[in-house]
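**Q** just coords:
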């Protein structure tokens, strides 16, 4: 089993309920065990600004699936929750990003690991630091140091 981390986000519909339900549904992926889910965080959109705020979280799983297969399972889960892919950074019912898959470093047309922008995004780093404060992003550094470098980004932890 490999420890993997998945970022969850949504800003359409009942976003908080969707993120929570999708986190629980990660346990339904074959050869995968859900270990932890962060609190929910509210964050401003990145890229396309004229849209609702996002609700974000990060989940830790152990999986026996290789990265490509695990990513396919995440896409299937997004589709189950009504995700359609229109333009980049558009509003969405659910977004699942594979952040880390063990120490895997990969860069191909389908998948880049570690996630190529995770080290720049407080909305990923804050929930990741909550559930895995000692996590290390290969080629980038420790999650706490990366989060400190994003201090100017506003991320609000929601009450549970």
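**A** Arrived safely. Please read these numbers as outputs of a predicted model, since none were measured by experiment. Numbers count the residues shown, from 1 in each chain.
**Q** contacts only, for residue 60.
**A** Listed by C-beta atoms under 8 Å, 6 or more residues apart in numbering, the contact set of residue 60 reads 3-5, 34-37, 131-132. Just so you know, the C-beta spots here come from the backbone N, C-alpha and C atoms, and that holds for glycine as well.
**Q** that one belongs to a helix?
**A** No - assessed with DSSP: H, G, I helix; E, B strand; the rest coil, residue 60 is strand; it does not lie in a helix.
**Q** beta partners for it?
**A** Under DSSP bridges, the beta-bridge partners of residue 60 are residue 5, residue 36.
**Q** any weak-confidence spans in the protein?
**A** Within the chain, the segments meeting pLDDT under 70 span 47-48, 84-90.
**Q** tell me the buried residues within the contacts of residue 60.
**A** Buried subset of those (neighbour count, 16 or more other C-beta atoms under 10 Å): 4-5, 34-35, 37, 131-132.
**Q** following the longest helix along the chain in sequence, what is the next regular element?
**A** If you go by DSSP state H, the chain has its longest helix at helix 67-80. Using DSSP states H and E, the helix or strand that directly follows helix 67-80 along the chain is strand 95-101.
**Q** could you list the residues in contact with that next one?
**A** Residues from elsewhere that reach strand 95-101, judged by C-beta under 8 Å, 6+ apart: 2-10, 22, 58, 63, 67, 70-71, 74-75, 77-78, 83, 111, 113-115, 118, 124, 128, 135, 137-138.
**Q** now do stretch 36-51
**A** Applying C-beta under 8 Å, 6+ apart, the contact partners of stretch 36-51 are 11, 16, 19-20, 23-24, 52-60, 87-91, 121-123, 126-128, 130-132, 153-158, 160.
**Q** what does stretch 18-29 give?
**A** In contact with stretch 18-29 (C-beta under 8 Å, 6+ apart) are residues 6, 8-10, 32-34, 37, 40, 55-57, 59, 61, 63, 65, 70, 73-74, 77, 80-81, 93-94, 96.
**Q** 7 Å - rerun?
**A** Applying C-beta atoms under 7 Å, 6 or more residues apart in numbering, the external contacts of stretch 18-29 come out as 6, 8-10, 32-34, 37, 40, 55, 57, 59, 61, 73, 77, 81, 93-94, 96.
**Q** show me which positions of it end up buried.
**A** Here stretch 18-29 shows 18-20, 22-23, 26, 29 as buried, counting by 16+ other C-beta under 10 Å.
**Q** got it, and stretch 108-123?
**A** For stretch 108-123, by 16+ other C-beta under 10 Å, it's 111, 113-115, 118-119, 121-123.
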